[in-house]
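[1] build me a model from this:
(one chain, ligands or ions: 1)
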Amino acid sequence: MKPGPRILVVDDDPGVLKALRGLLTDEGFTPVEARSTAEAARLLDAPEGPPALMLLDIRMPGETGLEFLARLPRPLPAPVVVLSGEASPAEAVQALKLGATDFVEKPPSPERLVTALRNAMALGALQEERERLLDALARPGHLVGDSPAMEALRRLIARVGPSDTAVLITGETGTGKERVARALHLASGRKGRLVAVNCAAIPSTLLESELFGHEKGAFSGAVSRRAGRIEQAHGGTLFLDELGDMPLELQAKLLRVLETKEVERLGGSVPVPVDARILAATHQDLARAVREGRFRQDLFFRLNVMPLQLPPLRERPEDLLPLARAFAAELAGPNVPLVLAPGAEAALRAYSWPGNVRELRNLIERLNLLRGDGPLTLGPEAIQGPLAPAAPPRPTLGDKSYREHVEDFERDLIRAALQEGGSIAGAARLLQVDRGNLYRRIKALQIPVP
Ligand SMILES: Nc1ncnc2c1ncn2[C@@H]1O[C@H](COP(=O)(O)OP(=O)(O)OP(=O)(O)O)[C@@H](O)[C@H]1O
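    Numbers count the residues shown, from 1 in each chain. The predicted structure follows:
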């Protein structure tokens with residue numbers, strides 16, 4: 001059996017130690033004993049780490065419990081519950097002021113003592129979680145999440161970050177691709193900036209000069225010489241977001257930059273050396289884009305040396321609560337607790353989060369705006385609200401066969417596509433199937449063509 005949480009009992013009275021030993025063991029704790037504060041100090045520094053809690057007598061010969069408490073480092077190495085014995089209420093209050101979580105009078109009633117211990121430990125765990133969150137929020141590239149996928153990702157970032165390898169980050173919208181790029185940049189230790197370019201947001205006619213820069217007079221409007229984004233990332237990292245949207249001819253130019261580590265401004269003839277780490281992200285299936293001739297295979301291979309796939313949020317439910325808490329702390333401040341109403345956690349897990357982490361952040365932001373002065377409360381209705389798609393109707397099973405059910409579904413699907421596409425060719429395009437095959441299914445299922 002796993003030993004229970006260690007509790008350090010500090011008391012000079014062997015009788016009290018013996019009584020507490022029995023009581024604590026019965027309650028599933030592992031008592032560790034010290035007869036003086038000097039011994040307690042040694043045990044707090046023990047190699048197995050500090051205990052889960054310290055139960056501290058106030059009146060002891062030599063250094064008193066209060067004196068000891070006052071000289072302990074902050075934050076305290078463990079939550080402290082004080083045994084107040086015949087001590088005056090003033091001393092108990094003094095102990096609380098010095099950071100003790102609670103006090104129990106001697107001789108303690110087992111029930112009162114165990115409640116105090118459990119409460120103190122719960123509070124200690126909360127405080128630790130809060131410290132961890134604040135720490136995490138202080139680092140902009142930090143990735144919140146307890147799922148195995150997130151842990152693996154953090155390990156990978158620590159390993160790959162410091163190298164110069166290009167990294168291709170893929171994942172649905174809002175899964176945190178840019179956040180990962182920032183984490184990689186921070187882990188790289190590169191002194192320069194992270195320069196981000198969204199290839200989908202800049203019109204393709206402007207993207208070239210944006211990336212490569214231009215000399216004065218390179219084209220009408222190029223009134224002065226301008227360094228492109230690639231050059232600006234010299235000594236740092238260039239993050240190409242939505243790389244799948246980059247036009248083919250620019251892909252060729254980018255490949256050349258990757259291979260030669262030089263960039264040529266538009267209208268210029270002298271290549272400028274650049275040392276920029278390249279990170280790219282896309283929500284598209286680039287391998288498919290390569291097959292369909294929309295993306296250069298050589299560039300894909302060049303970037304895909306280190307592929308990094310971010311799973312959608314619905315596939316890592318362990319991240320939901322840590323993320324929700326982190327966003328609440330970030331948006332409402334660390335003193336506003338996130339309260340989960342009954343059913344909220346189940347609703348979070350049941351929802352499919354098509355907008356992924358960004359959608360969860362937006363939800364918390366909305367709740368924060370609506371909360372007034374109260375706590376930030378997350379109830380199931382917030383998740384089942386306008387965000388959630390209507391649940392798909394449950395099929396009535398009746399006495400139809402499996403095949404008949406599938407055909408009914410197929411019929412509905414083709415009808416909808418015919419209506420939207422306007423013709424068999426249009427429907428085939430929408431459904432991404434061959435027109436001949438679709439025609440044969442329409443015949444077989446006797447679907448009227450508009
Ligand atoms: N693991 C995480 N920890 C903390 N915040 C996160 C995490 N993942 C994503 N976020 C936050 O979620 C939001 C969306 O993330 P981000 O912009 O990185 O996604 P993206 O995949 O690049 O999206 P898009 O494909 O739409 O550009 C941001 O506010 C980001 O800070």
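[2] spell out which parts of this protein neighbour the ligand.
    143-145, 171, 173-179, 241, 283, 326, 357-358, 361 (C-beta under 6 Å from any ligand atom). The C-beta positions use only the backbone N, C-alpha and C, and glycine is treated the same way.
[3] of those, just the buried ones, PyMOL syntax please.
    Applied in PyMOL, the following selects the buried portion of those according to 16 or more other C-beta atoms under 10 Å:
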select buried, resi 143+144+145+171+174+175+176+177+178+179+241+283+326+357+361
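[4] restricted to helices, list the residues of the chain next to the ligand.
    Judged by DSSP state H, helices contain the following of those: 177-179, 326, 357-358, 361.
[5] out of these, which two sit at the greatest distance?
    Taking C-beta to C-beta, the two most distant members of these are 177 and 326; they sit 17.8 Å apart.
[6] re the thing from before, including pLDDT, could the ones in helices among the residues of the chain next to the ligand go into CSV?
    Converted to CSV, those look like this (pLDDT from 0 to 100):
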residue, pLDDT
177, 95
178, 93
179, 93
326, 91
357, 95
358, 93
361, 94
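[7] OK, now which residue of this structure is nearest to the ligand?
    Using C-beta to the nearest ligand atom, the closest approach of the chain to the ligand is made by residue 176 at 2.6 Å.
[8] all helices of the stretch 301-450 of the chain, in order?
    For the stretch 301-450 of the chain, helices defined by DSSP state H, counting those that start in this stretch occupy the ranges 320-332, 344-350, 356-370, 380-384, 402-421, 424-431, 435-444.
[9] of those, which stretch is the most buried?
    Most buried of these by mean neighbour count (mean count of other C-beta atoms under 10 Å) is helix 320-332; its value is a mean of 21.
[10] list the contacts of it.
    130, 133-134, 136-137, 144-146, 313, 336-338, 340, 345, 348-349, 357, 360-361, 364-365, 368, 371, 376, 378 (C-beta atoms under 8 Å, 6 or more residues apart in numbering).
[11] let me see the mean pLDDT of the helix or strand containing residue 280.
    Under the criterion of DSSP states H and E, residue 280 resides in strand 277-282. Here strand 277-282 scores 94 as its mean pLDDT.
[12] what lies in contact with that strand?
    With C-beta under 8 Å, 6+ apart, strand 277-282 has contacts from 164, 166-171, 177-178, 180-181, 184-185, 188, 190, 233, 236-245, 258, 303.
[13] in the stretch 151-300 of the chain, where is pLDDT below threshold?
    Along the stretch 151-300 of the chain, segments meeting pLDDT under 70 span 222-223.
[14] tell me where it has strands.
    Under the criterion DSSP state E, counting those that start in this stretch, the stretch 151-300 of the chain contains strands at 167-171, 194-198, 213-214, 226-227, 237-241, 262-263, 272-273, 277-282.
[15] how distant is the first one from the center of its chain?
    Here strand 167-171 shows a centroid-to-chain-centroid distance of 16 Å under the convention C-alpha atoms, centre = their mean, to the nearest Å.
[16] for it, which outside residues touch it?
    160, 177, 180-181, 184, 243, 278-283, 286, 303-312, 356.
[17] so for the closest residue to residue 107 other than its chain neighbours, what's the pLDDT?
    Nearest-residue entry for residue 107: residue 19, 7.3 Å, with adjacent residues in sequence omitted and distances by C-beta to C-beta, 6 or more residues apart in numbering. For residue 19, the model assigns a pLDDT of 90.
[18] pretty sure residue 19 sits in a helix.
    Yes - Residue 19 forms part of a helix when assessed by DSSP: H, G, I helix; E, B strand; the rest coil.
[19] save the strands of the stretch 151-300 of the chain as TSV, and put in distance to residue 441 too.
    Output for the strands of the stretch 151-300 of the chain, formatted as TSV (distance: least, C-beta to C-beta, whole Å):
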stretch	distance to residue 441
strand 167-171	33
strand 194-198	40
strand 213-214	53
strand 226-227	56
strand 237-241	40
strand 262-263	52
strand 272-273	57
strand 277-282	33
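[20] residue 69 is nearest to which of these?
    Here strand 194-198 is closest among the strands of the stretch 151-300 of the chain (C-beta to C-beta), at 46.2 Å.
[21] that older thread, I'd like the helices of the stretch 301-450 of the chain as a markdown table, with distance to residue 25 appended.
    Shown next, in a markdown table, are the helices of the stretch 301-450 of the chain (distance: least, C-beta to C-beta, whole Å):
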| stretch | distance to residue 25 |
| --- | --- |
| helix 320-332 | 34 |
| helix 344-350 | 34 |
| helix 356-370 | 43 |
| helix 380-384 | 42 |
| helix 402-421 | 60 |
| helix 424-431 | 69 |
| helix 435-444 | 72 |
